[in-house]
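Asker: Fold the following and give me the result.
(one chain, ligands or ions: 3)
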Amino acid sequence: MKAITFQDKQTLKYENIEDPSILKDDDAIVKVHIAGVCGSDLHVYHGRETGIDCGTAMGHEFVGEIIETGKAVTHFRKGDMVISPFTTNCGTCYFCQIDLTCRCVHNQLYGWREKGEGLHGGQAEYVRVPMADSTLMLLREGISQKAGLLLGDNFSTGYYCAEQADIQSNGTYVVLGCGSVGLMAILATKMLGAERVYAIDAVPERLKKAAEFGAIPINFKTQNPIEIITEATKGRGVDAVLEVVGSKEASRMAMNLVRPGGTISTVGVHTSNHFAFSPVEAYDKNLTFKIGRCPARYYMEKLSDKMPIFDKQISSLITHEFDLKDGIEAYHIFDKKEDACIKAILKC
Ligand SMILES: NC(=O)c1ccc[n+]([C@@H]2O[C@H](COP(=O)([O-])OP(=O)(O)OC[C@H]3O[C@@H](n4cnc5c(N)ncnc54)[C@H](O)[C@@H]3O)[C@@H](O)[C@H]2O)c1
Ligand SMILES: [Zn+2]
Ligand SMILES: [Zn+2]
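Answerer: Ligands and ions are numbered 1, 2, ... in the order given. A predicted model of the protein is given here:
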């Protein structure tokens, strides 16, 4: 099959790799219809996350059709359209039971193979899905493929970030980073009732989208976020910062903007060895700090009833569509934020 594979730092390849096959009875094979290119793929692409095998099919966001199931798969059959979270999960271990599906003891991240072990990703014609019954979800009626794709990662992650920030209607919040995940976090803060949400980024089209979702945009290249937030909160700082970037600069900014007793909720993937703030700074702010991977499978279920209502807003983030063969161009445009690109998908 054809796939976009990792070769080396900033080098991907559109190439033929072996077709996946059923290796265990609880596996399913999915024919990918659309696959997302995510900010998390950029950490791999730029070599900020290391260790991935050369030749691994990239990507962890996909929607597709079941074409084959192992003997033990009972929830799905050939022809079913399914959504997947970006990690697999068993549904029965301690962490699955406490809804932290992303930390399932058997979890695997799509698009991550190391020393020959692991899973190929979704930027390919086919994907093998282990523990298919507990990992996959049917693409229900009323949910478009595009919104379903975002439910498997970006929307669930944005919503998780907002829930971790303990949103109250009368609070003041900052969302740092207006990529697809940050924009979904803004939508989630609004769904959870927040009236005053500031959105910080430096990409005009993304800030424009943030404003469409009801946030007050701040361009950190042309405006001073600290001055604006200080003034807006009578010098206190915001109740919570939702950090959706994953860099030292953003983390530092979050610390500067949060009020004493406030929360920083981080879903940005951090690849540096140290925090951007010291323990004493956290102590002196009585800070609540929440960080981690989104238990997307749990949120997919939880949010699915709301999906038809928000389908149009959610799918509006997908600004670019490419054929799988043009996947490398999709990475370039998405990475450089060219052509007002917010989110790119590949038709596989
Ligand atoms: N925790 C999880 O489960 C999970 C899931 C999905 C994505 N992520 C992570 O979330 C982050 C965002 O993902 P995305 O797909 O939206 O990425 P993206 O690259 O599309 O967006 C990141 C945005 O942050 C902005 N930015 C960069 N530096 C900034 C700064 N100092 N202050 C404010 N904004 C800044 C960029 O201009 C860009 O618009 C990434 O780190 C990604 O790996 C985490
Ligand atoms: Zn992703
Ligand atoms: Zn589990």
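Asker: now the helices for the stretch 1-150 of the chain?
Answerer: When secondary structure is read from DSSP state H, counting those that start in this stretch, the stretch 1-150 of the chain shows helices at 39-45, 94-97, 132-135, 145-151.
Asker: mind listing what the residue in the stretch 1-150 of the chain positioned nearest to ligand 1 touches?
Answerer: Nearest to ligand 1 in the stretch 1-150 of the chain, going by CB to the nearest ligand atom, is residue 39, at a distance of 2.1 Å. In this view, the C-beta of every residue, glycine as well, is placed from N, C-alpha and C. Counting by CB atoms under 8 Å, 6 or more residues apart in numbering, residue 39 touches 179-181, 246, 269.
Asker: Show me the beta-bridge partners of residue 119.
Answerer: residue 112 (DSSP bridges).
Asker: is it true that it touches residue 111?
Answerer: Yes - taking contacts as CB atoms under 8 Å, residue 119 lies within contact range of residue 111: 7.1 Å.
Asker: between these two, which one's more packed in?
Answerer: Ranked by neighbour count (other CB atoms under 10 Å), residue 119 and residue 111 place residue 111 first, with 31 against 21.
Asker: What's the separation between that one and residue 270?
Answerer: Here residue 111 is placed at a distance of 19 Å from residue 270 (CB to CB, to the nearest Å).
Asker: likewise residue 86?
Answerer: For residue 86, the distance to residue 270 - CB to CB - is 17 Å.
Asker: So those two - more neighbours on which side?
Answerer: Between residue 86 and residue 270, counted using other CB under 10 Å, the more crowded position is residue 86 (26 against 19).
Asker: What parts of the stretch 1-150 of the chain come near ligand 3?
Answerer: Within the stretch 1-150 of the chain, the residues that sit near ligand 3 (CB under 5 Å from the ion) are 89-90, 93, 96, 104.
Asker: For whichever residue of the chain sits closest to ligand 2, what are phi and psi?
Answerer: Proximity of the chain to ligand 2 (CB to the ion) peaks at residue 38, 2.9 Å away. Note on residue 38: backbone dihedrals following degrees, to the nearest 10 are phi -120, psi 160.
Asker: Chain neighbours aside, what residue packs nearest to it?
Answerer: Spatial nearest neighbour of residue 38, excluding adjacent residues (CB to CB, 6 or more residues apart in numbering): residue 61 at 5.7 Å.
Asker: Let me see the confidence value for the one you found.
Answerer: In this model, residue 61 is scored at 98, pLDDT.
Asker: Let me see the contact set for it.
Answerer: Contacts of residue 61 by CB under 8 Å, 6+ apart are 35-38, 86, 122, 149-150, 152-154.
Asker: Of those residues, which is the most crowded?
Answerer: Of the contacts of residue 61, with other CB under 10 Å as the count, residue 35 tops at 33 neighbours.
Asker: And for residue 231, the neighbour number?
Answerer: For residue 231, the neighbour count with other CB under 10 Å is 9.
Asker: What of the one 3 residues further on?
Answerer: When counting by other CB under 10 Å, one arrives at 7 neighbours for residue 234.
Asker: Likewise for residue 239?
Answerer: Neighbours of residue 239 under the rule other CB under 10 Å: 22.
Asker: center of this protein, which residue is that?
Answerer: Closest residue to the average C-alpha location of the chain: residue 154 at 3.6 Å, with CA atoms, centre = their mean.
Asker: That one contacts residue 180, correct?
Answerer: Yes - between residue 154 and residue 180 there is a contact at 4.6 Å, judged by CB under 8 Å.
Asker: so what sits against both of the two?
Answerer: 38, 317, 343.
Asker: Nearest to ligand 3, out of these: which one, please.
Answerer: Checking those against ligand 3 by CB to the ion gives residue 38 as the nearest, at 22.8 Å.
Asker: Which residues of the stretch 201-348 of the chain lie near ligand 1?
Answerer: 201-203, 206, 220, 244-247, 249-250, 253, 267-269, 293-294 (CB under 6 Å from any ligand atom).
Asker: Now restrict those residues to buried residues only.
Answerer: Burial by neighbour count, judged by 16 or more other CB atoms under 10 Å, picks out 201, 203, 206, 220, 244-247, 250, 253, 267-269, 293-294 from these.
Asker: okay, among those, which ones form the most distant pair?
Answerer: The largest separation in these, counting by CB to CB, is between 220 and 293 at 25.9 Å.
Asker: got TSV for the contacts of residue 61, with pLDDT and distance to residue 228 too?
Answerer: Formatted as TSV, the contacts of residue 61 follow (pLDDT from 0 to 100; distance: CB to CB, whole Å):
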residue	pLDDT	distance to residue 228
35	98	38
36	98	32
37	98	32
38	97	29
86	98	34
122	98	39
149	98	34
150	98	29
152	98	34
153	98	31
154	98	27
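Asker: circling back to that earlier point, near ligand 2, list only the ones from the residues of the stretch 201-348 of the chain next to ligand 1.
Answerer: Counting by CB under 5 Å from the ion, nothing from these sits close to ligand 2.
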